[in-house]
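Novice: Quick check, what structure comes out for this input:
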Amino acid sequence: MRHIRWMSRAVPGLILVSGLALVACDEKSSGGAAPGASASAKPAAATSAPASSASAASSASPAGSASAADEAAEEATNEELRSYHRHHHHGGMFTWISMAIDTLGLDATKKAAVEKIQKDMHAKMAPARDAEHDLLSLLADGVAAGKIDTAKVDAAVAKVGTASAGIHTAMMDAITQLHDALSPVERQALVDKVKAHHDVWRKVNVDEKPGTKDKGTHLAHLTKLLDLTPDQVDKISKALAPDVPVKPDADPKAVQDHVAAFEKAFLADKFDPKSLAAPATAAGGHTARHGGARMARFYETVTPILTADQRTKLAAHLRERLNDQHAAPEK
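Specialist: All right, here's what the predicted structure looks like:
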């Protein structure tokens with residue numbers, strides 16, 4: 001199981017992206033953790049000193065060096081998170097709730113109780129997670145072979161959507177227990193983190209134009225990963241540029257409404273699962289269908305433009321995504 005870096009490193013906060021800006025969700029230690037307030041930070045910039053400037057290098061501020069290293073580490077962490085949200089759509093909002101739990105900074109006693117609830121949530125998302133595993137495997141095999149079977153991929157995306165849509169009812173007991181286990185301040189912090197995860201998911205799966213070459217985009221990441229030539233980048237960008245109409249069963253607006261309904265219900269003194277029934281039904285599977293279809297289109301478009309060696313490397317990258325796991329390791 002591959003625990004992705006932003007979860008396995010002991011970082012002080014959950015690093016998120018907002019457009020091309022980076023957003024840091026402040027973490028405080030438990031018991032009265034402040035909500036994850038967002039703050040913009042500049043993207044890390046690579047700098048190099050001339051070879052002749054040894055004296056300047058020797059007089060450089062240690063704090064400045066540490067800052068550059070921190071910015072580089074922050075950008076790497078943000079890229080991990082962007083990649084996670086580009087490739088993982090199963091469970092919709094419930095996956096984001098589970099991810100938010102990981103960074104609440106609870107005290108030892110409360111953390112043990114909440115992790116038990118989280119483990120129950122994780123088990124109930126297994127059908128959707130397994131369906132997504134099949135989708136990623138199918139894409140990896142198609143990339144390696146040089147041709148993706150679009151009919152099979154479309155069916156796999158639909159399967160993830162159906163499995164994700166069936167999670168809500170099974171999850172309500174766990175969400176009620178989670179609500180009751182947290183203090184009002186901790187509930188606010190969790191809601192803020194869920195909203196931040198939704199913002200990142202939306203930025204990379206809705207707002208980002210598929211053919212955009214800007215830093216932090218999917219195409220920019222692929223360019224670096226595969227060492228794409230300028231000609232390949234131009235061909236991929238042009239092929240991805242046309243907008244694909246959003247289907248009603250994959251409209252991300254329904255997901256946004258579901259998150260808003262969750263915020264209202266979870267911040268109340270008493271959690272009412274029934275208040276989430278209608279928005280959950282409307283949003284059922286939308287995250288998985290929209291995100292899965294967009295991901296599939298990206299790799300279907302890219303594959304014919306790659307060399308055999310690049311396809312091999314990309315297929316390996318996708319198979320690594322199969323083992324991504326945000327939750328803490330089982331004890």
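
Novice: can you give me the helices for the stretch 101-250 of the chain?
Specialist: 108-124, 126-145, 150-165, 167-181, 184-202, 218-226, 230-240 (DSSP state H, counting those that start in this stretch).

Novice: Of all these, which one comes closest to residue 262?
Specialist: helix 184-202 (6.9 Å; CB to CB). To be clear about C-beta, it is placed using only N, CA and C from the backbone, and glycine gets the same treatment.

Novice: Would you indicate which residues of that closest one are buried?
Specialist: For helix 184-202, burial by neighbour count (16 or more other CB atoms under 10 Å) applies to 186-202.

Novice: can you give me how far that helix is from the chain middle?
Specialist: 13 Å (CA atoms, centre = their mean, to the nearest Å).

Novice: Just list what it packs against, helices and strands only.
Specialist: In terms of contacts (3 or more CB pairs under 8 Å, 6 or more residues apart in numbering; DSSP states H and E), helix 184-202 is packed against strand 13-18, strand 21-26, helix 62-87, helix 93-101, helix 252-267.

Novice: Which of those has the highest mean neighbour count?
Specialist: Of all those, helix 93-101 carries the top mean neighbour count, a mean of 25, counting by mean count of other CB atoms under 10 Å.

Novice: now what about that helix, what contacts it?
Specialist: For helix 93-101, contacts defined as CB atoms under 8 Å, 6 or more residues apart in numbering pick out 88, 91, 114-115, 117-118, 121-122, 125, 167-168, 171, 175, 178, 190, 193-194, 197-198, 201, 255, 258-259, 262, 283, 287, 326-327.

Novice: Need the CA coordinates for it. CSV is fine.
Specialist: Backbone C-alpha positions of helix 93-101 (Å, rounded to 0.1, in the frame of the first residue of the first chain) are rendered in CSV as follows:
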residue,chain,number,x,y,z
MET,A,93,-17.5,13.9,-0.4
PHE,A,94,-17.1,10.9,2.0
THR,A,95,-13.6,10.4,0.7
TRP,A,96,-12.8,14.1,1.5
ILE,A,97,-14.3,13.7,5.0
SER,A,98,-12.0,10.7,5.6
MET,A,99,-9.0,12.7,4.3
ALA,A,100,-9.9,15.6,6.6
ILE,A,101,-9.9,13.3,9.6
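
Novice: Distance of the residue most central in space within the chain relative to residue 229?
Specialist: By CA atoms, centre = their mean, the chain has its centre lying nearest to residue 85, at 2.4 Å. Distance, residue 85 to residue 229, by CB to CB, to the nearest Å: 28 Å.

Novice: got it, and residue 176?
Specialist: Counting by CB to CB, the separation of residue 176 from residue 229 is 54 Å.

Novice: Between the two, which is the more surrounded one?
Specialist: residue 176 (16 against 13; other CB atoms under 10 Å).

Novice: Verify the contact between that one and residue 273 for me.
Specialist: Yes - Residue 176 lies in contact with residue 273 (CB atoms under 8 Å); the separation is 6.1 Å.

Novice: Can you check which residues contact both of the two?
Specialist: Counting by CB under 8 Å, 6+ apart, no residue touches both residue 176 and residue 273.

Novice: between the helices and strands packed on helix 184-202, which gets the lowest average pLDDT?
Specialist: Mean pLDDT per stretch puts strand 21-26 lowest among the helices and strands packed on helix 184-202, at a mean of 35.

Novice: residues contacting residue 129?
Specialist: Per CB under 8 Å, 6+ apart, neighbours of residue 129: 90, 91.

Novice: Could you rerun that using 7 Å?
Specialist: When contacts are counted by CB atoms under 7 Å, 6 or more residues apart in numbering, residue 129 touches residue 90.

Novice: Mind listing what's buried along stretch 152-164?
Specialist: Neighbour-count burial for stretch 152-164 [16+ other CB under 10 Å]: 153, 156, 157, 158, 159, 160, 161, 162, 163, 164.

Novice: In JSON lines, list these along with distance to residue 312 and pLDDT.
Specialist: Converted to JSON lines, the buried residues of stretch 152-164 look like this (distance: CB to CB, whole Å; pLDDT from 0 to 100):
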{"residue": "153", "distance to residue 312": "19", "pLDDT": "97"}
{"residue": "156", "distance to residue 312": "22", "pLDDT": "97"}
{"residue": "157", "distance to residue 312": "24", "pLDDT": "96"}
{"residue": "158", "distance to residue 312": "29", "pLDDT": "95"}
{"residue": "159", "distance to residue 312": "27", "pLDDT": "97"}
{"residue": "160", "distance to residue 312": "26", "pLDDT": "96"}
{"residue": "161", "distance to residue 312": "30", "pLDDT": "94"}
{"residue": "162", "distance to residue 312": "32", "pLDDT": "95"}
{"residue": "163", "distance to residue 312": "30", "pLDDT": "95"}
{"residue": "164", "distance to residue 312": "31", "pLDDT": "94"}
